[in-house]
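Q: sharing a model prediction with you, sequence too.
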Amino acid sequence: MKMLKIYSEDKKSFYRLFYDEDIECVNPIKYFKDRSITSSYYLIKDQIEHKLQGIPEEVRNKIIAKKANEIWKERFESISNESLDKEFLVLLSAESKKDQLKLLKGKTLATHALAKLLFLANLEFGFSFSRYTSEKLPGNIEKSQLPLLFELSDNEESVSIIGETTLKEGELKNVIIHRKNIVANFLDKGKEWHCFYLTFKALSGKESWNDGEPHYHYLSDKFGLSRKDVIQGIKDGKVPSTPVHIGIKDYRK
């Protein structure tokens with residue numbers, strides 16, 4: 001995980017951003033635990049460190065680390081208690097595409113249920129976890145032209161900007177609305193793999209499936225595709241074709 005600290009134009013406040021590069025064949029529980037504790041540690045430190053100035057730094061850090069670990073324990077418990085239909089676990093040992101399609105027909109996942117599936121797939125079936133992402137900007141715009149940070153207002157009428165850019169506000173708005181982002185989560189064991197991927201377009205309700213319901217797409221080694229080709233397609237911003245859509249319940253709540 002990488003981290004950025006970006007100050008506002010007046011230098012009186014800042015944003016702390018956390019992001020990942022590609023992740024390959026890791027233990028999902030350890031990955032999410034480390035990510036949660038690290039991000040929580042710095043967020044807590046940003047919020048309360050000024051209140052602990054009279055306490056030695058070593059003690060201060062231990063207090064913050066203890067709280068970050070408590071937050072992870074709460075998250076892990078919440079994920080563990082999330083509902084998950086048994087068909088998702090049966091899916092991991094299904095022997096054909098036909099069986100997988102049957103198991104996933106009409107299925108949905110609660111917001112944190114995919115994390116539970118990743119954890120159980122590792123604990124009970126020995127699958128490792130990988131994640132690949134891609135972002136394609138509209139037109140001929142390059143990432144080097146973008147400011148450090150820019151955010152579209154809720155009504156999509158204005159853009160807040162931090163940093164230098166040669167682009168106009170309308171162009172930045174267009175970048176946010178029309179960029180193509182894909183996040184693909186893989187479970188791997190030997191030659192077996194399962195891929196649950198989503199697009200930002202699907203999360204924002206701008207894909208037509210089921211009246212714009214946020215959803216995952218699903219692929220596996222049983223679909224006659226190579227893992228390498230699927231990942232390359234994702235990197236190229238070309239969403240692999242699949243008939244499987246898995247709704248995400250209560251995502252916008």
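A: Thanks, I have the structure now. None of the values given here were measured: they were computed from a predicted structure. Numbering: from 1, shown residues only.
Q: all the helices of the stretch 101-250 of the chain, in order from the start?
A: In the stretch 101-250 of the chain, the helices defined using DSSP state H, counting those that start in this stretch lie at 113-125, 169-178, 200-203, 227-235.
Q: helices and strands around the longest one, which ones?
A: In this structure, helix 113-125 packs against helix 28-48, helix 57-80, helix 87-91, strand 128-136, strand 180-189, with contacts taken as 3 or more Cβ pairs under 8 Å, 6 or more residues apart in numbering; DSSP states H and E. Heads up, the C-betas are built off the backbone N, CA and C, glycines and all.
Q: tilt between it and strand 180-189?
A: Interaxial angle of helix 113-125 relative to strand 180-189 (axes from the mean of the first three to the mean of the last three Cα atoms, to 10 degrees): 20 degrees.
Q: sorry, back to before: out of the helices and strands packed on helix 113-125, flag the one nearest residue 204.
A: Taking Cβ to Cβ, strand 180-189 is the member of these nearest to residue 204, at 10.1 Å.
Q: sheet-wise, list the partners of that closest one with their directions.
A: Note on strand 180-189: by DSSP bridges, its sheet partners are strand 128-136 (antiparallel), strand 192-199 (antiparallel).
Q: which residues are in contact with the helix or strand hosting residue 25?
A: Using DSSP states H and E, residue 25 sits within strand 23-26. Here strand 23-26 makes contact (Cβ atoms under 8 Å, 6 or more residues apart in numbering) with 31, 128, 129, 130, 131, 188.
Q: then stretch 39-57?
A: By Cβ under 8 Å, 6+ apart, stretch 39-57 touches 1, 3, 16, 18, 60, 63, 64, 65, 67, 68, 71, 72.
Q: dump those to a markdown table, plus distance to residue 206 and neighbour count.
A: Formatted as a markdown table, those follow (distance: Cβ to Cβ, whole Å; neighbours: other Cβ atoms under 10 Å):
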| residue | distance to residue 206 | neighbour count |
| --- | --- | --- |
| 1 | 28 | 12 |
| 3 | 30 | 11 |
| 16 | 29 | 13 |
| 18 | 25 | 13 |
| 60 | 45 | 17 |
| 63 | 44 | 15 |
| 64 | 39 | 20 |
| 65 | 41 | 15 |
| 67 | 38 | 14 |
| 68 | 35 | 19 |
| 71 | 32 | 16 |
| 72 | 33 | 18 |
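Q: can you put the residues you listed in a markdown table and add pLDDT and distance to residue 100?
A: Listed next are those as a markdown table, based on pLDDT from 0 to 100; distance: Cβ to Cβ, whole Å:
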| residue | pLDDT | distance to residue 100 |
| --- | --- | --- |
| 1 | 81 | 32 |
| 3 | 85 | 38 |
| 16 | 88 | 40 |
| 18 | 88 | 33 |
| 60 | 85 | 51 |
| 63 | 90 | 48 |
| 64 | 91 | 44 |
| 65 | 96 | 42 |
| 67 | 95 | 42 |
| 68 | 97 | 38 |
| 71 | 97 | 35 |
| 72 | 98 | 32 |
